[in-house]
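> Build the 3D model from these lines:
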Amino acid sequence: MSQHATGTFEVKLDPLDLNEVGQGETRGRISINKQFHGDLEATSIGEMLSAMTEVKGSAGYVAIERVVGSLQGRQGSFVLQHSGTMDRGQPSLSVNVVPDSATGELTGLRGRMNITIREGIHCYGFDFEFEEEA
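The predicted model follows:
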């Protein structure tokens, strides 16, 4: 049975060194630290790799973050995988639970998260289900 969670989060991004740097480098590496509020009360730690282009509004990123806390009262952890693209200002974002990454009372979690930013506030919508319910 599909369920839905909503809330807000704060995010702290810090630049990290790249392992190798080439001439005219357009890649970036960033640490991600989040604090989720609402139906998901949790913290996360992750890393993002990004690439910029010479065309304004075009870029891409991938990220992995481990989320630890409670989802609608169920305790545990899970991993989110991000894939985002900006195509001349048009965003496309996919944030999914890595299959079989959930632990504790969240074991069997499957889902997809949507992220929006409204007036500087980061919001999430999380559609999810548990494998035993599928």
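> what are the ranges of the strands in the protein?
With strands called from DSSP state E, the chain shows them at 3-16, 27-38, 40-52, 59-71, 74-87, 90-97, 109-118, 121-130.
> can you put those in TSV and add mean neighbour count, distance to Thr103 and mean pLDDT?
Placement of C-beta: from N, CA and C, glycine included. Rendered in TSV, the data for the strands of the chain read as follows (neighbours: other CB atoms under 10 Å; distance: least, CB to CB, whole Å; pLDDT from 0 to 100):
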stretch	mean neighbour count	distance to Thr103	mean pLDDT
strand 3-16	13	18	97
strand 27-38	16	17	96
strand 40-52	17	12	97
strand 59-71	18	9	97
strand 74-87	17	5	97
strand 90-97	14	12	96
strand 109-118	15	9	96
strand 121-130	16	13	97
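> Distance-wise, check the nearest residue to Phe126 once chain neighbours are set aside relative to Leu93.
The shortest distance from Phe126 to any residue that is not its chain neighbour, by CB to CB, 6 or more residues apart in numbering, is 4.2 Å, and that residue is Ala5. With the distance defined as CB to CB, to the nearest Å, Ala5 ends up 17 Å from Leu93.
> swap in Thr43?
When distances are taken as CB to CB, Thr43 and Leu93 turn out to be 21 Å apart.
> try Glu54
When distances are taken as CB to CB, Glu54 and Leu93 turn out to be 22 Å apart.
> now swap in Arg112 and tell me
Following CB to CB, the distance that separates Arg112 from Leu93 is 10 Å.
> Likewise for Lys34?
According to CB to CB, Lys34 stands 15 Å off from Leu93.
> can you pull the contacts of the residue lying closest to Val67 once chain neighbours are set aside?
Leaving aside its chain neighbours, Val67 sits nearest to Ser44 (4.4 Å; criterion: CB to CB, 6+ apart). With contacts defined as CB atoms under 8 Å, 6 or more residues apart in numbering, Ser44 is in contact with Ile32, Asn33, Lys34, Phe36, Glu65, Arg66, Val67, Val68, Leu80.
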